[in-house]
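> Below: sequence and its predicted model.
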Amino acid sequence: MSGKKTETWMIYGAYGYSGDLIAREAANQGLTPILAGRSEAKLAPLAGELGLEHRAFGLDDPAEVARHLEGVDLVLHCAGPFSATAPPMIEACITAGAHYLDITGEIAVFEHAFAQHWLANEAGVVLCPGVGFDVIPTDCVAAHLAAALPDATHLTLGFDSRSGFSPGTAKTSVEGLAGGGKVRKGGGIATVPLAFGVRRIDFGDGEKLAMTIPWGDVSTAWYTTGIPDIEVYIPASPGLVKRLKRLNWIRPLLGLGLVQSFMKSRIAKSVRGPDAATRERQPTHVWGEAVNAEGAKRVARIKTANGYTVTLHGSLEVVKHMLAHAPDGGTYTPSKLVDKDLVKRLPGSGELRIEEA
C-alpha cells in the first residue's frame with residue numbers, strides 16, 4: 001500500500017549521545033523535529049536551546065505511545081537498547097500511521113522489523129531500521145557488489161574504525177556477548193562461537209588480522225542482495241581473538257542479569273562517546289567481498305567519516321528523503337529505501353571502488 005507524505009517528524013531519544021548530535025544538526029540545517037524521550041528534565045533544556053517542540057513519554061505501553069505520536073508522520077528512533085525499545089515503538093508507529101527509522105545495528109531488531117513488513121505495507125507505513133553507520137555504508141557496499149557480481153553466493157563485509165563507543169553502543173555490545181556470534185548460512189541466520197571466523201583483510205588501510213562479529217548486515221544484506229552466505233569482520237588483535245574464544249566457554253553466564261547489570265554499570269560510569277575533534281580525526285574504512293560458485297570475486301572499498309558522524313548525516317539524509325518522497329509501506333534496508341549510492345553522498349565519504357580479485 002502506498003505510503004503517506006512526511007511533514008511532521010520526531011526524534012525519540014533526543015538527549016542520548018547520537019540523538020543529541022542529530023537534533024543539533026537538524027536544527028542547524030533548518031529542520032524542525034519534535035524532540036522526545038522519557039525524561040522531561042533532560043528534554044526541556046535541549047528543546048529550549050534549539051527552539052524546538054518536545055514531548056516526554058515512555059515506551060512501556062505501545063497504545064499509549066501511539067497517542068503521543070498523534071500528528072507525527074515519521075519517528076527517527078535513537079533510544080537504545082533497541083532490542084527493548086524498537087518493538088513497542090514499531091508497534092506504535094504502525095498503529096499511529098507514522099513511518100519508522102532507527103539507528104540500530106542489532107540483528108534481532110532488523111529481523112523483527114522485516115517480520116512486520118505486511119502489517120506496515122497495509123498501514124502505508126515505512127519501516128527502515130539501521131539508518132546510521134549501522135548499516136548504511138556496509139549496506140550500500142553490499143548492494144554495489146551484488147550489482148557487480150549478480151550470481152554471487154558468498155558475501156563478506158567489514159569495516160576498520162578506531163572510533164570509541166557511545167554508552168548505548170557499549171551496552172548493546174555487552175548484551176551481544178551472551179548471544180554469541182552470528183553469520184548467515186544458506187539464507188538462514190546461524191549462531192556461531194565468538195570470533196568464529198579469523199582471516200587477514202585489507203579494509204583500505206593495510207592488511208590486518210580480523211574476526212567475525214554479529215553485525216546488522218548478517219540480517220540486512222540478505223534482504224538487500226539475496227546472497228545466502230554472509231559474514232561481517234572487524235580488525236582484532238591476536239590477544240582479543242584469544243580472549244573472545246576463551247569467553248565461549250562461559251558465554252551462557254554472560255547473559256545472567258547480575259553480570260549484565262555489573263558490566264552496564266561500569267559502562268555508565270566510564271563511557272562518554274567521542275567528542276567532535278576525536279570523530280574528525282578517526283575516519284572509517286569499509287570493505288566488502290563477493291564470490292560466486294565459480295570463484296569469481298569482486299572487492300569493494302570506501303573511506304567514510306567516523307561512524308558516529310556517518311550516523312548523524314546518514315539518518316538525516318534518510319529523513320530528508322522521506323520528507324521529499326512517499327514510498328510504499330513496508331520494511332526496507334537503507335539502500336533499498338533511498339539508493340545504493342547513499343553512502344557516497346555523505347560528508348567525509350570518498351569514492352566507492354570495485355575491483356576484480
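On my side now, so go ahead.

> how about the CA coordinates for stretch 347-357, as CSV?
Listed in CSV are the C-alpha atoms of stretch 347-357, where the atom choice follows Å, rounded to 0.1, in the frame of the first residue of the first chain:
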residue,chain,number,x,y,z
PRO,A,347,30.1,14.2,4.2
GLY,A,348,33.5,12.7,4.5
SER,A,349,32.9,9.8,2.1
GLY,A,350,35.4,9.1,-0.7
GLU,A,351,35.0,7.1,-3.9
LEU,A,352,33.5,3.6,-3.8
ARG,A,353,35.9,1.4,-5.8
ILE,A,354,35.1,-2.1,-7.0
GLU,A,355,37.9,-4.4,-8.3
GLU,A,356,38.2,-7.9,-9.6
ALA,A,357,40.3,-10.0,-7.3
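
> can I assume residue 143 is in contact with residue 342?
No: in this structure, residue 143 is not within contact of residue 342 by C-beta atoms under 8 Å, at 9.3 Å. Heads up, the C-betas are built off the backbone N, CA and C, glycines and all.

> Give me the common contacts of these two.
When contacts are counted by C-beta atoms under 8 Å, 6 or more residues apart in numbering, the set common to residue 143 and residue 342 consists of residue 335.

> Flag the shaky bits of the stretch 101-250 of the chain, pLDDT-wise.
Within the stretch 101-250 of the chain, the ranges that satisfy pLDDT under 70 run 163-178.

> 50 instead?
Low-confidence segments of the stretch 101-250 of the chain, defined by pLDDT under 50, are located at 165-166, 170-171.

> Please enumerate the helices of it.
Ranges of helices within the stretch 101-250 of the chain are 107-115, 117-123, 136-148, 167-179, 217-225, 238-247, based on DSSP state H, counting those that start in this stretch.

> angle of the fifth one against helix 136-148?
Helix 217-225 and helix 136-148 are oriented at 40 degrees to each other (axes from the mean of the first three to the mean of the last three C-alpha atoms, to 10 degrees).

> show me the contacts for residue 341.
When contacts are counted by C-beta under 8 Å, 6+ apart, residue 341 is found next to 140, 352.

> how far away is it from residue 139?
Using C-beta to C-beta, to the nearest Å, one obtains 12 Å as the distance from residue 341 to residue 139.

> Over to residue 150?
For residue 150, the distance to residue 139 (C-beta to C-beta) stands at 17 Å.

> the more surrounded of these two?
Per other C-beta atoms under 10 Å, whichever of residue 150 and residue 139 has more neighbours is residue 139, with 29 against 12.

> circling back to that earlier point, may I see the helices of the stretch 101-250 of the chain organised as CSV, with distance to residue 88 added?
CSV is the format used below for these (distance: least, C-beta to C-beta, whole Å):
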stretch, distance to residue 88
helix 107-115, 11
helix 117-123, 14
helix 136-148, 24
helix 167-179, 17
helix 217-225, 20
helix 238-247, 31
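
> and of those, who's closest to residue 294?
Closest approach to residue 294 among these is made by helix 136-148 (14.8 Å; C-beta to C-beta).

> tell me what that closest one is packed against?
Contacts of helix 136-148 with other secondary structure elements, assessed using 3 or more C-beta pairs under 8 Å, 6 or more residues apart in numbering; DSSP states H and E, are made with strand 152-161, helix 217-225, strand 284-292, strand 297-304, helix 307-324, helix 334-337, strand 353-356.

> any idea which helix or strand comes after the fifth one?
The element immediately downstream of helix 307-324 (helix or strand, assigned by DSSP states H and E) is strand 330-331.

> So in that sheet, which strands flank that following strand, and in what orientation?
Each strand that pairs with strand 330-331, with its direction, by DSSP bridges: strand 126-128 (parallel).

> how far does the partner strand sit from the chain's center?
Put simply, strand 126-128 sits 13 Å off its chain's centre (C-alpha atoms, centre = their mean, to the nearest Å).

> in stretch 58-76, what counts as buried?
59, 62, 65, 66, 68, 69, 72, 73, 74, 75, 76 (16 or more other C-beta atoms under 10 Å).

> no no, stretch 190-200
Taking 16+ other C-beta under 10 Å as the neighbour-count basis, stretch 190-200 is seen to contain the buried residues 192, 194, 195, 196, 197.

> Closest one of those residues to residue 11?
Of all these, the one sitting nearest residue 11 is residue 194; the distance, using C-beta to C-beta, is 33.6 Å.

> So what's the residue count around the closest residue to the closest one other than its chain neighbours?
With C-beta to C-beta, 6 or more residues apart in numbering as the measure, residue 244 is the residue that lies nearest to residue 194, at 4.2 Å, once sequence neighbours are left out. Using other C-beta under 10 Å, residue 244 is surrounded by 19 other residues.

> Touching, residue 244 and residue 213? I think so.
No: Residue 244 is not in contact with residue 213 according to C-beta under 8 Å; the separation is 9.6 Å.

> now residue 159, nearest residue through space, not along the chain?
residue 286 (4.7 Å).
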